[in-house]
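Asks: Got a sequence here, can you build the structure:
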Amino acid sequence: MTAMPGGYSFSQDADSVMVELPVAVGVKASDVKCLFATVSISVVVQGMPLLSGALAGRCARDECSWSLVQEGAQRLLVLNLAKEGGARAMRWQTLLA
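Replies: Just a heads-up that it's a prediction; the model follows:
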């Protein structure tokens, strides 16, 4: 995982990018609004924007997902972005362009 200034971290392999965003312990799935587009992303939790902007690469939006996980005392929103077709092997230097 690479830690980024916005408080999130991301890692990747040839097929996907995984993003971890820390959220408050009481956050429920109904509090999360995550919009995946081919070249952008928007994540809002409890009405507060956490991550938004143009992606550094292209993703297959219909194959992207998110989940809430608990790691010890920390709650995380985990995003899985599937890299799009021919761009699968491309390495993203950053998450956002």
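Asks: backbone phi and psi for the closest residue to A97 other than its chain neighbours, please?
Replies: Of all residues not flanking A97 in the chain, A54 sits nearest, at 4.3 Å (C-beta to C-beta, 6 or more residues apart in numbering). The way it works is simple: take the backbone N, C-alpha and C, and place the C-beta from them, glycine included. The phi and psi values for A54, taken as degrees, to the nearest 10, are phi -80, psi 140.
Asks: wait, isn't A54 in contact with A37?
Replies: No. The criterion here is C-beta atoms under 8 Å, and A54 misses it with A37 at 9.3 Å.
Asks: tell me which element S52 falls in.
Replies: Element membership of S52 [criterion: DSSP states H and E] is strand 48-54.
Asks: what does that strand contact?
Replies: Outside of strand 48-54, the residues within contact range by C-beta atoms under 8 Å, 6 or more residues apart in numbering are 6, 8, 19, 21, 23, 39-44, 77, 96-97.
Asks: could you redo the last one with a cut-off of 10 Å?
Replies: 4, 6-8, 19, 21-24, 31-35, 37, 39-45, 77, 79, 95-97 (C-beta atoms under 10 Å, 6 or more residues apart in numbering).
Asks: From these, list just the buried residues.
Replies: Buried residues within the contacts of strand 48-54, counting neighbours by 16 or more other C-beta atoms under 10 Å: 8, 19, 21, 23, 31-32, 34, 41, 43, 45, 77, 79, 95-96.
Asks: Next, A29: phi, psi?
Replies: According to degrees, to the nearest 10, A29 has phi -60, psi -40.
Asks: how about it, what does it touch?
Replies: 66-68, 77.
Asks: Tell me the most packed of the residues you listed, by neighbour count.
Replies: Among these, the one with the most neighbours (other C-beta atoms under 10 Å) is L77, at 23 neighbours.
Asks: mind checking which helix or strand the residue lying closest to that residue once chain neighbours are set aside is in?
Replies: Closest residue in space to L77, ignoring its immediate chain neighbours: L21 at 4.5 Å, by C-beta to C-beta, 6+ apart. Under the criterion of DSSP H and E, L21 resides in strand 16-23.
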